[in-house]
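Novice: attaching a predicted model along with its sequence, questions to come.
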Amino acid sequence: MKKITFLLTIISLVIFNGLITAQEACTSDGTKVYYTTNAGWSNSEWYQIINIDAENLGNSGIIKHDGTDGAKTSTVWNSGVFSTPVYTYNEGTSQYETTNVMWPVKYYMCCLNDTAHNSAWTKVNLLGSNPSGAGVNDAPCYYNNNSVKQSPIWNKKGFIELSRQASEVANTPPSRHGYIELVDLPMVERIQWSYSSTGWKRGVKLDIDYHDGNGYQPLRWEPSDIATSLAGLSEQGYAFEEIIGKQEDPNSKISLRWRIWDGDSIHGNLTKAEDVRTPYTTTMTPYAQKQVVRIHQIKVFAGAVPTQAPTLPDGIQLPLTNSIIAYVSARSILLSEQANFELYTYDGKKLLIGCSNKIDVSQMPKGIYILKASNEYGRTQKKIIL
């Protein structure tokens, strides 16, 4: 039930909730089935405190998408912070109303189209062409048209497009992959969000930070370019729901980051049987051109209505915690940006110091370490397990 008397003052962060759940597989007789559900959003009895709808962001300051229609990608992006209202529920009118609290939303290398539909809808209804994957010669699981599986956002206008651009100098920081961040969200019960792309089998990453010292962790990763694709219908859009379950914990806060799919060599392929699951073979490449991600809407439900919003710096050049991505691959620690780093033992002994986007830890014994990294684009502190 709704908590209508419990209001909260906001300051910090915390949380997590597993990866995607594989659903079904293509059958040998060619039956069309789906790995990832696309059933839409359920009703929540808790406060809807955030509702970011790209169709209503015309005054956000995000640069306008310059493509001629929803099937085209943009050639312009910008970065910054916009504010979105916090909502409360009026029991008397049974309606959501805005409060005087405005929540900051940080965006990096993004653009806005507040009038166009998703790429598949545009092709079918405006251009008279088939969506990607709808041809007769394609695998039957991937018929990416509206007759196969009705998308919950099929008729939804508006999206924020995240840049998929490679770094300006090959394999050199900074990354130009776009992302959106929401920070310091209190007592979150669930998150509802929708995304699409401009072709079939194109993925997206949603990360979560519980403020437990481990930085951002995967919440939902939909991989691109997998033969039995988990994001096969991404051109017409998906609507996802993440249950967090912290609505009655007054000390809990989380941060969220939506970003471009840049590969994954960490997690097991969920389309395979349990006993033969192997890691995805696509190496993370934060500097290479990847595939388009478009965020259409984000809703956050919580057990309390915030009475104060966190403060973010204006402009992207100032540090923002956890904006540098760090991960382990082949006995090296790889960073998404060139950064000053310090590596510590878990009990606080400093082991290494330097400036790089790759740290050789091949001579380090197995164990738990703490990495601190910073540059002009951000900073992070992360637990590293070797």
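Specialist: Perfect, I can see it now.
Novice: so, low pLDDT: which residues of the stretch 101-250 of the chain?
Specialist: The model of the stretch 101-250 of the chain has pLDDT under 70 over residues 134-150, 227-229.
Novice: could you rerun that using 50?
Specialist: By pLDDT under 50, the weakly predicted segments of the stretch 101-250 of the chain are 140, 145-148.
Novice: likewise for the stretch 251-386 of the chain?
Specialist: 314-322.
Novice: let's see 80
Specialist: For the stretch 251-386 of the chain, the stretches with pLDDT under 80 are 264-283, 311-327, 329-330, 336-338, 374-381.
Novice: excluding sequence neighbours, find me the nearest residue to Ile244.
Specialist: Residue nearest to Ile244 in three dimensions, not counting chain neighbours: Val188, with 4.4 Å by Cβ to Cβ, 6 or more residues apart in numbering. (C-beta placed from N, C-alpha, C; glycine too.)
Novice: so which helix or strand takes in the residue most central in space within the chain?
Specialist: Among the residues of the chain, the one closest to the centroid is Trp258, at 2.0 Å (Cα atoms, centre = their mean). Secondary structure assignment for Trp258, by DSSP states H and E: strand 253-260.
Novice: which strands or helices does that strand pack on?
Specialist: Counting contacts by 3 or more Cβ pairs under 8 Å, 6 or more residues apart in numbering; DSSP states H and E, strand 253-260 is packed against strand 159-162, strand 179-186, strand 188-196, strand 204-209, strand 216-222, strand 293-302.
Novice: what about 7 Å?
Specialist: Helices and strands touching strand 253-260, as assessed by 3 or more Cβ pairs under 7 Å, 6 or more residues apart in numbering; DSSP states H and E, comprise strand 179-186, strand 204-209.
Novice: please name whichever of those is nearest to Val300.
Specialist: strand 179-186 (5.8 Å; Cβ to Cβ).
Novice: give me the contacts around that closest one.
Specialist: 8, 10-13, 105-108, 110, 160, 162, 252-259, 295, 300, 302, 304, 306, 310 (Cβ atoms under 7 Å, 6 or more residues apart in numbering).
Novice: who does that strand pair up with?
Specialist: With DSSP bridges as the test, strand 179-186 is paired with strand 95-113 (antiparallel), strand 253-260 (antiparallel).
Novice: out of these, flag the one nearest Gly232.
Specialist: Using Cβ to Cβ, those put strand 253-260 closest to Gly232, at 18.3 Å.
Novice: so which helix or strand takes in Glu242?
Specialist: Short version, using DSSP H and E: Glu242 is in strand 238-243.
Novice: next, format the helices and strands packed on strand 253-260 as a markdown table and append mean neighbour count and distance to Gly215.
Specialist: Below are those laid out as a markdown table (neighbours: other Cβ atoms under 10 Å; distance: least, Cβ to Cβ, whole Å):
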| stretch | mean neighbour count | distance to Gly215 |
| --- | --- | --- |
| strand 179-186 | 24 | 13 |
| strand 204-209 | 24 | 6 |
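Novice: ok, back up a step: the inter-axis angle of the strand holding Glu242 versus strand 204-209?
Specialist: Relative orientation of strand 238-243 and strand 204-209, computed by axes from the mean of the first three to the mean of the last three Cα atoms, to 10 degrees: 20 degrees.
Novice: and strand 238-243, what does it pack onto?
Specialist: In terms of contacts (3+ Cβ pairs under 7 Å, 6+ apart), strand 238-243 is packed against strand 188-196, strand 216-222.
Novice: hey, which of those is tucked in deepest?
Specialist: The highest mean neighbour count among the helices and strands packed on strand 238-243 belongs to strand 188-196 (a mean of 25), with neighbours defined as mean count of other Cβ atoms under 10 Å.
Novice: ok, residues contacting that strand?
Specialist: Residues from elsewhere that reach strand 188-196, judged by Cβ under 7 Å, 6+ apart: 15, 41, 44, 46, 118-119, 152-153, 159, 204, 234-247, 254, 256, 293-303.
Novice: so who does the most far-flung residue of the chain relative to its centre touch?
Specialist: Distance from the C-alpha centroid of the chain peaks at Gly92, with 35.6 Å (Cα atoms, centre = their mean). Shown in contact with Gly92 (Cβ under 7 Å, 6+ apart): no residues.
Novice: for it, helix, strand, or coil?
Specialist: Following DSSP: H, G, I helix; E, B strand; the rest coil, Gly92 is assigned to coil.
Novice: could I get the pLDDT score of it?
Specialist: Note on Gly92: pLDDT of 84.
Novice: just the C-alphas of stretch 248-264, formatted as PDB.
Specialist: The C-alpha atoms that make up stretch 248-264 are tabulated as PDB, following Å, rounded to 0.1, in the frame of the first residue of the first chain:
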ATOM      1  CA  GLU A 248      10.500   0.200   3.300                       C
ATOM      2  CA  ASP A 249      14.200   0.800   3.900                       C
ATOM      3  CA  PRO A 250      14.600   4.500   4.900                       C
ATOM      4  CA  ASN A 251      18.400   4.300   4.600                       C
ATOM      5  CA  SER A 252      18.500   2.800   1.100                       C
ATOM      6  CA  LYS A 253      19.500   4.800  -2.000                       C
ATOM      7  CA  ILE A 254      20.500   3.800  -5.500                       C
ATOM      8  CA  SER A 255      21.900   5.400  -8.700                       C
ATOM      9  CA  LEU A 256      21.100   4.200 -12.200                       C
ATOM     10  CA  ARG A 257      23.000   4.600 -15.500                       C
ATOM     11  CA  TRP A 258      21.600   3.700 -19.000                       C
ATOM     12  CA  ARG A 259      24.300   3.300 -21.600                       C
ATOM     13  CA  ILE A 260      25.400   1.900 -25.000                       C
ATOM     14  CA  TRP A 261      26.000  -1.800 -25.400                       C
ATOM     15  CA  ASP A 262      29.800  -1.900 -25.700                       C
ATOM     16  CA  GLY A 263      30.300  -5.700 -25.400                       C
ATOM     17  CA  ASP A 264      30.500  -8.200 -22.600                       C
END
